[in-house]
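Engineer: My questions concern the predicted model and sequence given below.
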Amino acid sequence: MQVLHENTNKKGAFYVMVNQNKEAEMTYTWAGTDKIIIDHTEVSDVLRGQGVGYKLVEAAVHFMRDNNVKAIPLCPFAKSVFDKTPEYADVLFKK
């Protein structure tokens, strides 16, 4: 399963396509040049129960590490993944 990424420098998303349909997506909004606000995660019934939401967060973490970006996870699902995964703490924005 491949997680794709689109980024307009104002907003962006990590997503999974199945049969040319977007079946999972985690969206974010840029907050300046070095922070993103993760605002929504959704996985369709087609992919539910396969850990796809976690894969979306993992892809975002790799992107943030590669680009020296920090996250503010406002989405409840993404926040729960960050809370359960201490090895992702390096990409969290700390005030």
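Structural biologist: Great, that's in hand.
Engineer: Now do the helices in this protein.
Structural biologist: 52-67, 76-84 (DSSP state H).
Engineer: Next, the contact list for residue 56, please.
Structural biologist: 3, 14, 15, 16, 24, 25, 26, 41 (C-beta atoms under 8 Å, 6 or more residues apart in numbering). From N, CA and C alone the C-beta is placed, and that goes for glycine too.
Engineer: how does it look with 10 Å?
Structural biologist: Residue 56 sits next to 3, 5, 13-16, 24-27, 38, 41-43, 77-78, 81 when contact means C-beta atoms under 10 Å, 6 or more residues apart in numbering.
Engineer: Mind checking which of those are buried?
Structural biologist: 3, 13-16, 24-27, 38, 41, 43, 77-78, 81 (16 or more other C-beta atoms under 10 Å).
Engineer: Could you single out the nearest of those to residue 57?
Structural biologist: Taking C-beta to C-beta as the measure, residue 57 lies nearest residue 81 of the buried ones among the contacts of residue 56, at 4.5 Å.
Engineer: Now the closest one: closest residue in space that isn't a chain neighbour?
Structural biologist: Leaving aside its sequence neighbours, residue 81 sits nearest to residue 57 (C-beta to C-beta, 6 or more residues apart in numbering; 4.5 Å).
Engineer: try residue 91
Structural biologist: For residue 91, ignoring the flanking residues on the chain, the nearest one in space by C-beta to C-beta, 6+ apart is residue 64 at 4.3 Å.
Engineer: Same check on residue 4?
Structural biologist: Distances taken as C-beta to C-beta, 6+ apart put residue 15 closest to residue 4, at 5.5 Å, once the chain neighbours are dropped.
Engineer: residue contacts, that neighbour?
Structural biologist: For residue 15, the contacting residues are 2-6, 22-27, 42, 52, 56, 59, by C-beta under 10 Å, 6+ apart.
Engineer: cool, and residue 43?
Structural biologist: Applying C-beta under 10 Å, 6+ apart to residue 43 gives the contacts 16, 23-26, 49-56, 77.
Engineer: Can you add pLDDT and distance to residue 93 and give the residues you listed back as TSV?
Structural biologist: TSV is the format used below for the contacts of residue 43 (pLDDT from 0 to 100; distance: C-beta to C-beta, whole Å):
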residue	pLDDT	distance to residue 93
16	98	26
23	97	29
24	98	24
25	98	22
26	98	17
49	95	30
50	96	29
51	96	25
52	97	25
53	97	21
54	97	20
55	98	22
56	98	19
77	97	18
